[in-house]
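Engineer: Could you work out the structure for the sequence below:
(one chain, ligands or ions: 2)
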Amino acid sequence: MTIRVAVTGAAGRMGSTVCQAVQEADGLELVARLDAGDTISTETLGGADVAVDFTVPTVTEANVHALIDAGVDVVVGTTGWNEESYGRVREHLARPEAAGRSVLIAPNFALSAVLSMRFAALAAPYFESVEVIELHHPNKVDAPSGTAVATAQGIAAARAAAGVAPSPDATESDPLGARGGVVDGVHVHAVRLRGLTAHEEVVLGNPGEQLTLRTDSFDRSSFMPGVVLAVREIGSREGLTIGLGPLINL
Ligand SMILES: NC(=O)C1=CN([C@@H]2O[C@H](COP(=O)(O)OP(=O)(O)OC[C@H]3O[C@@H](n4cnc5c(N)ncnc54)[C@H](OP(=O)(O)O)[C@@H]3O)[C@@H](O)[C@H]2O)C=CC1
Ligand SMILES: O=C(O)C1=N[C@H](C(=O)O)C[C@H](O)C1
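Structural biologist: Numbers count the residues shown, from 1 in each chain. Ligands and ions are numbered 1, 2, ... in the order given. Model (predicted):
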C-alpha cells in the first residue's frame with residue numbers, strides 16, 4: 001500500500017531534502033508541499049496519510065496540533081520541544097476525535113547521532129566529568145541544538161540513576177558565559193561555523209583518561225533513512241513516540 005506524504009517546511013534545507021527522499025522511496029508518494037504562509041487543512045494536505053514537519057521551533061507545535069486535527073499522522077524533526085509541549089501533544093492525541101492518530105518527534109534522525117546519544121548515556125556514569133559540544137552551520141536559528149539538549153538529558157538521567165556526583169568544576173567567575181549553557185547539570189557548548197553541517201562531541205573525563213564520542217552529519221542525506229523509516233512505521237504506532245530509538249530497538 002502506498003503511503004501518501006505531505007511535507008511542512010518543504011522549501012527549507014531539510015524539507016526540500018525530505019521531499020526528494022520521499023519521491024525516491026519505494027511505497028511513498030509525495031502529495032503536498034507546504035511552507036510558510038500556507039494553511040494546514042485536509043484540502044491543502046492533498047489526501048496525505050502522514051505529514052513530515054521540518055519548520056522552525058516557533059511554529060512546529062502549532063503545526064502538529066493542526067495536522068492532528070486534519071487527520072494525519074505526524075513525523076517531526078523540528079527542534080524546540082520540551083516536556084510541556086510533549087504533554088500538550090499527548091493530551092491532544094488522547095481526545096476521542098484524535099483516535100488512531102500518532103506523532104513521532106525526534107531531535108535527530110541520523111543513525112550515528114542516535115547511537116552516540118545512547119553510547120553517551122551508557123558511558124556517563126563511569127566518568128567524573130562530562131560535557132557536550134555541538135557544532136553546526138551558521139544558518140541554524142536555535143542553540144543549543146535539540147540533539148545536544150537530548151544528549152545532555154540522557155546523560156543526566158543516567159548519572160542520576162547511578163547516583164553519580166555532579167561533574168567537578170571550580171569556576172567562580174564566568175562573566176561572559178564561557179562555560180556554556182547547562183542542561184540538567186550538564187554543560188553544553190555551541191559552535192557556529194561556515195562549512196559545518198551538524199556535529200556533536202561528548203567528552204567524558206576521568207583522572208588520566210578521556211573518552212570522546214563524536215558524530216558527524218556531513219550531509220542532510222544522513223537524516224533521510226531515519227525519516228523514511230519513521231514515515232513507514234508511524235501508522236503502526238500509538239500516541240506520542242519520542243526519538244528514533246524505539247523504532248530501531250534502542
Ligand atoms: N531531527 C533531525 O534529524 C533534524 C532536525 N533539524 C531541525 O529541523 C528544523 C528545520 O531545519 P532547516 O531545514 O535547516 O531550516 P530551514 O530554515 O532551512 O527550513 C525551515 C522551513 O520552514 C518554513 N516555515 C516557517 N514557518 C512555517 C510554517 N508556519 N509552516 C510551514 N513552513 C514554515 C521556512 O520558511 P521561511 O524561510 O520562509 O520562513 C523554511 O522554508 C530545525 O528545527 C532544525 O534544527 C535539522 C536537521 C536534522
Ligand atoms: O539545524 C540543524 O541543522 C540540525 N538540527 C537538529 C538539532 O538541533 O539537533 C539536528 C541536527 O543537529 C541538525
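Engineer: which ones are touching Ile234?
Structural biologist: Neighbour list for Ile234: Val50, Asp73, Val74, Val75, Ser102, Val103, Leu104, Thr241 [criterion: C-beta atoms under 8 Å, 6 or more residues apart in numbering]. Placement of C-beta: from N, CA and C, glycine included.
Engineer: So it belongs to a strand, correct?
Structural biologist: No. Counting by DSSP: H, G, I helix; E, B strand; the rest coil, Ile234 falls outside a strand, being helix.
Engineer: Could you report the separation of it from Thr17?
Structural biologist: 19 Å (C-beta to C-beta, to the nearest Å).
Engineer: Could you pull up the contacting residues of the spatially most central residue of the chain?
Structural biologist: Central residue of the chain (C-alpha atoms, centre = their mean): Pro107, 0.7 Å from the mean position. Going by C-beta under 8 Å, 6+ apart, Pro107 touches Gly77, Thr79, Trp81, Ser145, Gly146, Thr147, Val149, Ala150, Gly243.
Engineer: Return the subset of the residues you listed lying in helices.
Structural biologist: Gly146, Thr147, Val149, Ala150 (DSSP state H).
Engineer: which residues touch the closest residue to ligand 1 within the chain?
Structural biologist: Residue of the chain nearest ligand 1, by C-beta to the nearest ligand atom: Gly12 (2.0 Å). For Gly12, the contact set (C-beta under 8 Å, 6+ apart) comprises Asp35, Phe54, Thr55.
Engineer: Apply 6 Å and report the result again.
Structural biologist: For Gly12, the contact set (C-beta atoms under 6 Å, 6 or more residues apart in numbering) comprises Phe54.
Engineer: hey, where'd the helices end up in the chain?
Structural biologist: Going by DSSP H, the chain shows helices at 13-24, 60-69, 83-93, 111-123, 146-162, 224-233.
Engineer: Apart from its chain neighbours, what residue comes closest to the residue nearest to the centre of the chain?
Structural biologist: Once flanking residues are discounted, Pro107 sits nearest to Gly146: 3.5 Å by C-beta to C-beta, 6 or more residues apart in numbering.
Engineer: per-residue confidence at that neighbour?
Structural biologist: pLDDT, Gly146: 98.
Engineer: Which segments of this structure make up each domain?
Structural biologist: 3-105+221-248, 111-218 (automatic domain parsing).
Engineer: would you turn those domains into TSV with distance to ligand 2?
Structural biologist: As requested, the domains of the chain are exported to TSV (distance: least, C-beta to the nearest ligand atom, whole Å):
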stretch	distance to ligand 2
domain 3-105+221-248	4
domain 111-218	3
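Engineer: hey, which of those domains is tucked in deepest?
Structural biologist: domain 3-105+221-248 (a mean of 18; mean count of other C-beta atoms under 10 Å).
Engineer: between the contacts of Pro107, which is closest to Phe127?
Structural biologist: Ala150 (19.0 Å; C-beta to C-beta).
Engineer: now the contacts of Ile234 as CSV including pLDDT and distance to ligand 1?
Structural biologist: Formatted as CSV, the contacts of Ile234 follow (pLDDT from 0 to 100; distance: C-beta to the nearest ligand atom, whole Å):
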residue, pLDDT, distance to ligand 1
Val50, 98, 16
Asp73, 98, 17
Val74, 99, 13
Val75, 99, 9
Ser102, 98, 17
Val103, 98, 14
Leu104, 98, 10
Thr241, 98, 13
